[in-house]
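[1] Using only what follows, build the 3D model:
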Amino acid sequence: MLSGSYERRYFSDKNKFTGLLDVTYRFIKDSLKTDLPASFPVYLTAFSAGYAGVRAILKNHYGRIAGIGLADGLYADFDADSLKKQMPDFKKMAKQAAASEKKFILTHSSLTVKEYMTAAAAADLILEELGVKREKKGYDDGTGFLETSAEKGKLLIKGYSYKTPADHWSHLSHIGRIFRFLKQ
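    Just a heads-up that it's a prediction; the model follows:
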């Protein structure tokens, strides 16, 4: 699918991410005209298929990442072998977020597809493994109709009633809230 290009083309080479961090560090340092700490928290965000880039970065730089925010973007194949390859770092991040050691936020729609596991199904897989239950909500939270929410420590998963492909794109409006959550 389209997610493969984010992983293979951009971030399967671990030097691309460290290079990106170096350039960002220098830009911020030069713009602010101040010294920055050698180590600073790094948060990754992605929308939709961009989760595959996050997955590649986590694979190579997990210890450097303080948290992730995914807007309707955490998918996987159904078969057990693929799940073992595609989900371990997301599960690990969620577990550490539930223990308040890292941060993890995922918003997801209610779209259904037959070809792969949706973000809602991937979220359910993570929540089941952690023993975290969803709470029914049923109100408009300003970015859409929030059906469910699951929260433990610094793990937050929000399920929305969006059901059409056009609704999928509305998850871009969640990015601001994702940033605020990661910044807390």
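
[2] separation between Phe47 and Ile157?
    16 Å (CB to CB, to the nearest Å). From N, CA and C alone the C-beta is placed, and that goes for glycine too.

[3] So between the two, which is more surrounded?
    Ile157 (27 against 19; other CB atoms under 10 Å).

[4] show me the residues around that one that make contact.
    Ile105, Leu106, Thr107, His108, Ala123, Ile126, Leu127, Arg134, Ser149, Ala150, Glu151 (CB atoms under 8 Å, 6 or more residues apart in numbering).

[5] name the helices or strands packed onto the helix or strand encompassing Lys136?
    Applying DSSP states H and E as the criterion places Lys136 in strand 135-140. In terms of contacts (3 or more CB pairs under 8 Å, 6 or more residues apart in numbering; DSSP states H and E), strand 135-140 is packed against strand 145-152.

[6] List the pairing partners of the strand it packs on within its sheet, with orientation.
    Take DSSP bridges as the rule and strand 145-152 pairs in its sheet with strand 135-140 (antiparallel), strand 155-160 (antiparallel).

[7] so can I have a markdown table of these showing distance to Tyr25 and mean pLDDT?
    Below are the strands paired with strand 145-152 laid out as a markdown table (distance: least, CB to CB, whole Å; pLDDT from 0 to 100):
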| stretch | distance to Tyr25 | mean pLDDT |
| --- | --- | --- |
| strand 135-140 | 39 | 94 |
| strand 155-160 | 28 | 96 |
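
[8] Show me the one of those strands that comes nearest Pro37.
    Comparison of those against Pro37 by CB to CB identifies strand 155-160 as nearest, at 26.2 Å.

[9] Centre of the chain to the closest one, how far?
    11 Å (CA atoms, centre = their mean, to the nearest Å).

[10] Could you point out the helix or strand that follows that strand?
    Following strand 155-160 toward the C-terminus (DSSP H and E): helix 165-169.

[11] Could I get the buried residue list for whatever helix or strand comes next after that next one?
    Under the assignment DSSP H and E, the closest C-terminal helix or strand after helix 165-169 is helix 175-183. By neighbour count with 16 or more other CB atoms under 10 Å, helix 175-183 contains the buried residues Ile175, Arg177, Ile178, Phe181, Leu182.
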